[in-house]
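*Asks:* Model the following, please.
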Amino acid sequence: MSDEDQQIVLLVTGETSDILISCRRLAARLEVPMDTTHLQPLRHTTDFDTPTATLEDVDIRSELQSRPARPPNYENEDRVLAVLAKEMAENPRNMLQKLVEVAVQLCAADTAGISLLEGDVFRWEAVAGVFASYRNGTMPRAASPCGVCIDRNSTQLMHLADRCFPALKAEPRFVEALLIPFHHQGKPVGTVWVVAHTFERKFDRQDERIMRTLSQFASAGWQLWKAYEAAEQSNHRKDEFLAMLGHELRNPLSAIVTAAQILQEQEPRRIGEGARRAIEVMGRQSQQLSRMVDDMLDVTRISKGKLQLARRRVNVQKVVADAAETVRSHIAQKHHHLLVELPTAPIHLEADPGRLAQMLSNLLHNAAKYSPPGSEIRLTAVQTNDEVEISVRDTGEGIAKDQLSSVFDLFTQLGNRSGLGLGLTLVRRLAEMHGGTVEAASEGPSKGSAFTIRLPVRAMTDTSSATAAFSSSRL
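*Replies:* From the prediction side, this is the model:
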């Protein structure tokens, strides 16, 4: 039997706390899962018993300087901290929990946690180890050693702290606790702590150094998460505002559109030429406003996960024709020339035909908006292997290379143009809902631009080769 096995056997013969810790260590050593349901630590119901010792009695900070420090393992620390940094970058929501898991590993602790001060209570924001099931539990500030750590704004090391803080009484006991404050804008807002539940484990200066490093990570992670929450709340308020604004505008706008259509149907001789032109302007502008409101509502529906696609097998040529028809009057008004190039062999894919036409319509409107009168706009569709590529190219203002990555962002407008900057955002989100992508390309200002939608082909029976003949039409 190895020395470690003998130590485990001896520990099992000890107190209840030693039995629990021993079982956990043995399970970890054997690399087998451990059912701790019947061994879960239970806090005493007498949390607020009279203290049996003073703070000075449990405070053993001075021992950190006299205890022999174990040799540092910088290689292991660098490896683990790299994992922590990656978690902070990729999953800030889980970063603090990952941090306490790292603390257990680096300090060979039995429990580690992060306590956040919220008003007059501390909340266990993250916990790992024996007391992991108590995550999100709370403790009054005056009843917690974390309050001392915050008040003194310094490292605290305590032995059997439950003698001074009865709220900590539990099984297994908090034999030794090392606490480090972490800060926001120079003010302590919480603590990072590790606990040993056995008398054998004693923390040293190396543990304090490691915990100070982790407290800096905790500060950065907490601020990152608060910023993330604030951004989420801002986005939620923005979505709610757009939804409310869209619904408030829709009813009066529908009445204006209907009135304009009725007036346009009147006999020309019954209204003057000036009135006719005014009615045409009112009709065009109200239609444009209707598109903006529809885009606004669609963006909010997608953000809330309420927009559903009605997928079916569609003919791409027909969808392109429908989209071209919806922008025909707008293209003519700008005196542009729309060239549509499609393969003669049918292209089919699984998509929502209405939403696909909406994507193309938005791209065509965008091309018309940013092209000078009389420009050529080219709409093409090809199938390449398992994808369909649909492109809209113009010879207009073009896009600077440093702006290509932001043109699909919400409310982005290039140059001094009317609109809300929703059209391209909606194109990207609808393309992604179809499992596809959209890409913008341009050689620079005044050199035109190209937007290409790529959608996966599913359940296709008809195929067309890359050398298929093209049919062209002009509108």
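*Asks:* quick one: the strands in the stretch 251-400 of the chain?
*Replies:* For the stretch 251-400 of the chain, the strands defined by DSSP state E, counting those that start in this stretch cover 312-315, 337-343, 348-351, 376-384, 387-394.
*Asks:* Quick check: can you name the pairing partners of the second one and their directions?
*Replies:* This means strand 337-343. Strand pairing for strand 337-343, determined by DSSP bridges: strand 376-384 (parallel), strand 470-474 (antiparallel).
*Asks:* Ranked by average pLDDT, which of those falls at the bottom?
*Replies:* Among the strands paired with strand 337-343, strand 470-474 carries the lowest mean pLDDT, a mean of 40.
*Asks:* Let me see the domain layout of the protein.
*Replies:* If you go by automatic domain parsing, the domain ranges for the chain are 1-39, 44-226, 231-303, 312-474.
*Asks:* on that earlier part again, now for the strands of the stretch 251-400 of the chain, which one comes closest to Glu240?
*Replies:* strand 348-351 (29.8 Å; Cβ to Cβ). Yep, even glycine has a C-beta here, placed from its N, CA and C like the rest.
*Asks:* so what strands line up beside the helix or strand containing Val189?
*Replies:* In the assignment (DSSP states H and E), Val189 maps to strand 187-196. In the sheet, strand 187-196 lines up against strand 111-118 (antiparallel), strand 176-184 (antiparallel) (DSSP bridges).
*Asks:* Redo those as TSV? Include mean neighbour count.
*Replies:* Below are those laid out as TSV (neighbours: other Cβ atoms under 10 Å):
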stretch	mean neighbour count
strand 111-118	24
strand 176-184	23
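*Asks:* Kindly present those strands as JSON lines, with separate columns for distance to Thr138 and mean pLDDT.
*Replies:* Converted to JSON lines, the strands paired with strand 187-196 look like this (distance: least, Cβ to Cβ, whole Å; pLDDT from 0 to 100):
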{"stretch": "strand 111-118", "distance to Thr138": "8", "mean pLDDT": "95"}
{"stretch": "strand 176-184", "distance to Thr138": "17", "mean pLDDT": "94"}
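*Asks:* got CSV for these, with distance to Leu99 too?
*Replies:* Formatted as CSV, the strands paired with strand 187-196 follow (distance: least, Cβ to Cβ, whole Å):
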stretch, distance to Leu99
strand 111-118, 7
strand 176-184, 10
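*Asks:* Among those strands, which comes closest to Glu387?
*Replies:* Nearest to Glu387 among the strands paired with strand 187-196 is strand 111-118; the distance by Cβ to Cβ comes to 46.6 Å.
*Asks:* Tell me how far that closest one lies from the chain's centre.
*Replies:* Mean C-alpha position of strand 111-118 versus that of the full chain (Cα atoms, centre = their mean, to the nearest Å) differs by 24 Å.
*Asks:* Repeat that for stretch 223-242.
*Replies:* 11 Å.
*Asks:* One more: stretch 173-188?
*Replies:* 29 Å.
*Asks:* Check stretch 110-126 too.
*Replies:* That offset, for stretch 110-126, works out to 24 Å (Cα atoms, centre = their mean).
*Asks:* What is the end-to-end distance of it?
*Replies:* 14 Å (Cα to Cα, to the nearest Å).
*Asks:* Same question for stretch 259-270.
*Replies:* End-to-end for stretch 259-270, by Cα to Cα: 16 Å.
*Asks:* what's the answer for stretch 333-345, then?
*Replies:* 32 Å.
*Asks:* Begin at 50 from now on, thanks
*Replies:* All right, first residue 50 from here; so that's stretch 382-394.
*Asks:* Identify all contacting residues around stretch 125-140.
*Replies:* 143-144, 147-148, 151, 154-155, 259, 262, 266, 269-270, 273 (Cβ atoms under 8 Å, 6 or more residues apart in numbering).
*Asks:* give me that answer again for 7 Å
*Replies:* Around stretch 125-140, the neighbours that count as contacts under Cβ atoms under 7 Å, 6 or more residues apart in numbering are Asn143, Met144, Lys147, Leu148, Val151, Gln154, Leu155, Ile259, Phe266, Ala269, Gly270, Leu273.
*Asks:* Specify which member of those residues is nearest to Leu453.
*Replies:* Nearest to Leu453 among those, with distances taken as Cβ to Cβ, is Leu273, at 27.6 Å.
*Asks:* which residues does that closest one contact?
*Replies:* Each residue near Leu273 by Cβ under 7 Å, 6+ apart is listed here: Met137, Pro141.
*Asks:* Specify the angle between the strand or helix carrying Gln272 and strand 160-167 in degrees.
*Replies:* Taking DSSP H and E as the criterion, Gln272 maps to helix 254-313. Orientation check (axes from the mean of the first three to the mean of the last three Cα atoms, to 10 degrees): helix 254-313 against strand 160-167 gives 50 degrees.
*Asks:* before we move on, back to that, which pair of the contacts of stretch 125-140 spans the longest distance?
*Replies:* Farthest-apart pair in the contacts of stretch 125-140 is Gln154 and Leu273; separation 22.0 Å (Cβ to Cβ).
*Asks:* Would you confirm that Gly493 contacts Gly447?
*Replies:* Yes: the pair Gly493 and Gly447 passes the contact test of Cβ atoms under 7 Å, sitting 5.6 Å apart.
*Asks:* more crowded one of those two?
*Replies:* Set Gly493 next to Gly447 and count neighbours by other Cβ atoms under 10 Å: Gly447 wins out with 21 against 12.
*Asks:* Please name the residues that touch the more buried one.
*Replies:* Gly447 touches Ser491, Glu492, Gly493, Pro494, Ser495, Lys496, Gly497, Ser498, counting by Cβ under 7 Å, 6+ apart.
*Asks:* now it: how far from Ser498?
*Replies:* As judged by Cβ to Cβ, to the nearest Å, Gly447 and Ser498 stand 5 Å apart.
*Asks:* Likewise for Leu148?
*Replies:* From Leu148 to Ser498 the distance is 45 Å (Cβ to Cβ).
*Asks:* And Glu488, by the same measure?
*Replies:* Using Cβ to Cβ, Glu488 is found at 11 Å from Ser498.
*Asks:* Which strand residues bridge Gly178?
*Replies:* Thr160.
*Asks:* residue contacts, it?
*Replies:* By Cβ under 7 Å, 6+ apart, the neighbours of Gly178 are Val153, Ala158, Asp159, Thr160, Ala161.
*Asks:* Take the residues you listed and write them to JSON lines, including distance to Leu473.
*Replies:* Shown next, in JSON lines, are those (distance: Cβ to Cβ, whole Å):
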{"residue": "Val153", "distance to Leu473": "47"}
{"residue": "Ala158", "distance to Leu473": "51"}
{"residue": "Asp159", "distance to Leu473": "54"}
{"residue": "Thr160", "distance to Leu473": "51"}
{"residue": "Ala161", "distance to Leu473": "47"}
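*Asks:* and the residues you listed, which two are the farthest apart?
*Replies:* Greatest spatial distance among the contacts of Gly178 (Cβ to Cβ): Asp159 and Ala161, at 8.5 Å.
*Asks:* between Glu488 and Ser498, which one's more packed in?
*Replies:* Relative neighbour count places Ser498 above the other of Glu488 and Ser498, with 24 against 15, counting by other Cβ under 10 Å.
*Asks:* so what's the more buried one closest to, chain neighbours aside?
*Replies:* Ser491 (4.1 Å; Cβ to Cβ, 6 or more residues apart in numbering).
*Asks:* Can you get me a residue count around the one you found?
*Replies:* 22.
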